[in-house]
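1. Using only what follows, build the 3D model:
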Amino acid sequence: MKPNAIAWFGRNIFIGFDRKSYQVMDYDNRKYREIEGFKDIVLNKHVIKVVSEEETLCLGPSDVFIPVNSTTCDKLFKSSIQITSKFAGISVLHPYIVVLSDNKVYVFNKIDFRGRPRLLQEIPFDAMGSNVGKTISTSSNKIFFATTSKVFFLKPVPWEKQIQNCLVAGKVEDALMIFDQYNTEDEPDRQRKYDQLKIDAAWVYFKDLKFRDAEEMLKELPFDIKEFLGLFLSFVPDKTFFDVTGRMQPSMANVIEEAKKRPTSDNELKKDTNKAQRYAKEFLARILENRRKYLLDNYKDLHREAEFLVSEDFSPFSEEIRQGKVSKFSVMQLLEIVDFAIVRVYLDLKNEDKLSTFLSKKLFCKDYSKDLEVYFFQDPRPSDAIQAKFFE
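-> Below you'll find the model as predicted:
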């Protein structure tokens, strides 16, 4: 039998035989065995590419690459790799599988994230059909490919820049995927980088009015509640959180107006400003309760200054954060502000069940009782039971 293609991994020698399919020869005993999924298939073209110790790609019918385990040779339950034009070559540059066709370069994800397509990018280079792709190779961090008349090279965009571009475009899931591609679980600084990405991602979700997604990103993080309260100044005592000069004070209303222009924002909420405002207030109430618990659980000395992780790129106050124009508060002062805001937002939402439960706790905003009193007498007034709880 005449071999058309060959590749080697460990003890396995993968061979594609002319007018037949693929087999694997064990280097130690020289015995052949079938590759799952290829038995009795007749192929005129064979291509074998070892991608990793887990995955080897074998070209099957209709120019579809079938993934098999590099060690066991069993078929992998991974997405296959397919192109829509004539195949010319394949190479690997971690974390990418790069396929050359007659008129495009296809960039696939080496890692198979379930539920997400492996195709990441298509790069056309021969729209007229006069400069056909011929061969492809990789060296260091570059991809080289040759056509009938030219040699090109592609250099991957640094992963940090890829993540930034994804977040700017509102593609949070893509940003998280890229992070996982480049940062292994055993990397010493991984958690710090991941937490920073989650803070940035939370703000992207928030600006897209995807409040539950934002909350999920935030809930385990030491985020700064002042960044959110700065958008709801009517819910806080007379405090300055950020020294905003030379531009308009950011507000939730601004966030909603900007969301209307973003293609990735929540379709329902960006069409209904009142509903978006209500959902934003409900989100605020939940994260205020979260921060209250976080501060009490993590700080025994309430007179020390709290430390937070902030977003210098995606927060509405990123300019002030970068310039250090952020007011500092002790944990006690923050608890006073948080409790004041919780009372205000529950009153505004007319959520008496939540407000009653909260008023049963030891409140830190007693010094602001006079400032809060006025809101208990505004129409529509809360029930007598709620007023009694507040004034007792």
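2. Excluding chain neighbours, what is closest to D63?
-> Distances taken as CB to CB, 6 or more residues apart in numbering place F87 nearest to D63, at 4.9 Å, with adjacent residues excluded. (Glycine included, C-beta is placed from N, CA and C.)
3. Show the pLDDT at the one you found.
-> pLDDT, F87: 88.
4. how near is it to F390?
-> 73 Å (CB to CB, to the nearest Å).
5. do K104 as well
-> For K104, the distance to F390 - CB to CB - is 67 Å.
6. what separates the helix or strand where G89 lies from the chain centre, distance-wise?
-> Per DSSP states H and E: G89 is located in strand 87-93. Centroid separation between strand 87-93 and its chain, computed with CA atoms, centre = their mean, to the nearest Å, is 28 Å.
7. Now for V204: which residues touch it?
-> L167, G170, V172, F314 (CB atoms under 8 Å, 6 or more residues apart in numbering).
8. Which of those fall in helices?
-> L167, V172 (DSSP state H).
9. Pretty sure N44 sits against R19.
-> Yes - here N44 reaches R19: they are 6.9 Å apart, a contact under CB atoms under 8 Å.
10. Same drill for those two, tell me which one is more crowded.
-> Between N44 and R19, R19 has the larger neighbour count (other CB atoms under 10 Å), namely 11 against 8.
11. list the contacts for the more buried one?
-> R19 sits in contact with V42, L43, N44, where contact means CB under 8 Å, 6+ apart.
12. for those residues, which one is nearest T71?
-> Ranked by distance to T71 (CB to CB), those are led by L43 at 23.0 Å.
13. residues near the closest one, how many?
-> 20.
14. Spatially nearest residue to it, not counting backbone neighbours?
-> S21 is the one closest to L43 (CB to CB, 6+ apart), at 5.7 Å.
15. cool, A7 as well?
-> I48 (4.0 Å).
16. so what's the backbone phi/psi at the one you found?
-> phi -130, psi 130 (degrees, to the nearest 10).
17. Next up, the contacts around it.
-> Contacts of I48 were listed using CB under 8 Å, 6+ apart, and they are A5, I6, A7, F14, I15, G16, Y22, T56, L57, C58, L59.
18. Which residues are in contact with D379?
-> Applying CB under 8 Å, 6+ apart, no residues contact D379.
19. Tell me how far stretch 50-70 lies from the chain's centre.
-> Centroid separation for stretch 50-70 versus its chain: 28 Å, with CA atoms, centre = their mean.
20. Compute the first-to-last residue distance for that stretch.
-> 7 Å (CA to CA, to the nearest Å).
21. again, but for stretch 118-137
-> Span of stretch 118-137 from end to end, CA to CA: 20 Å.
22. Residue ranges in the stretch 101-250 of the chain under the pLDDT threshold?
-> 114-115, 127, 129 (pLDDT under 70).
23. would you list every one of the helices in it?
-> 159-168, 172-182, 190-207, 211-218, 225-229 (DSSP state H, counting those that start in this stretch).
24. Okay, buried residues for the third one please.
-> So that's helix 190-207. Within helix 190-207, the residues scored as buried using 16 or more other CB atoms under 10 Å are 194-207.
25. what's the offset of it from the middle of its chain?
-> So, by CA atoms, centre = their mean, the centroid of helix 190-207 is 8 Å from its chain's centroid.
26. With the first one instead?
-> Relative to the mean C-alpha coordinate of its chain, helix 159-168 is positioned 10 Å out (CA atoms, centre = their mean).
27. angle of that helix against helix 190-207?
-> 20 degrees (axes from the mean of the first three to the mean of the last three CA atoms, to 10 degrees).
28. C-terminal to the longest helix seen in the chain, what's the next element?
-> If each helix of the chain is counted by residues according to DSSP H, the longest one is helix 273-298. Following helix 273-298 in sequence order, the next helix or strand is helix 318-322 (DSSP H and E).
29. For that following helix, what does the pLDDT average out to?
-> Helix 318-322 comes out at a mean pLDDT of 94.
30. buried set for it?
-> S318, E319, E320, I321.
31. how about the CA coordinates for it, as PDB?
-> In PDB, the C-alpha atoms belonging to helix 318-322 read as follows (Å, rounded to 0.1, in the frame of the first residue of the first chain):
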ATOM      1  CA  SER A 318     -12.300  55.500  34.500                       C
ATOM      2  CA  GLU A 319     -10.900  58.900  33.800                       C
ATOM      3  CA  GLU A 320     -11.100  60.000  37.400                       C
ATOM      4  CA  ILE A 321      -9.800  56.600  38.600                       C
ATOM      5  CA  ARG A 322      -6.700  56.900  36.400                       C
END
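32. Okay, angle between the next helix or strand after that helix and helix 273-298 too, please.
-> The element immediately downstream of helix 318-322 (helix or strand, assigned by DSSP H and E) is helix 331-349. Between helix 331-349 and helix 273-298, the angle comes out at 150 degrees (the same axes, to 10 degrees).
33. Report how many residues lie close to Y299.
-> 18.
34. Next: M332.
-> Residues near M332, counting by other CB under 10 Å: 16.
35. For the nearest residue to it once chain neighbours are set aside, report the pLDDT, please.
-> Nearest in space to M332, with sequence neighbours left out and distances taken as CB to CB, 6+ apart, is L302 at 4.1 Å. Note on L302: pLDDT of 93.
36. close enough to count as contact, L302 and F329?
-> No - between L302 and F329 there is no contact under CB under 8 Å: 11.0 Å.
37. Help me confirm that E173 comes into contact with P117.
-> No - the criterion here is CB under 8 Å, and E173 misses it with P117 at 11.8 Å.
38. who's more crowded, these two?
-> For E173 versus P117, neighbours defined as other CB under 10 Å are more numerous around E173 (13 against 10).
39. any idea how far F65 is from the residue nearest to that one when sequence neighbours are not counted?
-> Closest residue to E173 apart from its sequence neighbours, by CB to CB, 6+ apart: R116 at 7.4 Å. Distance of R116 to F65, given as CB to CB: 17 Å.
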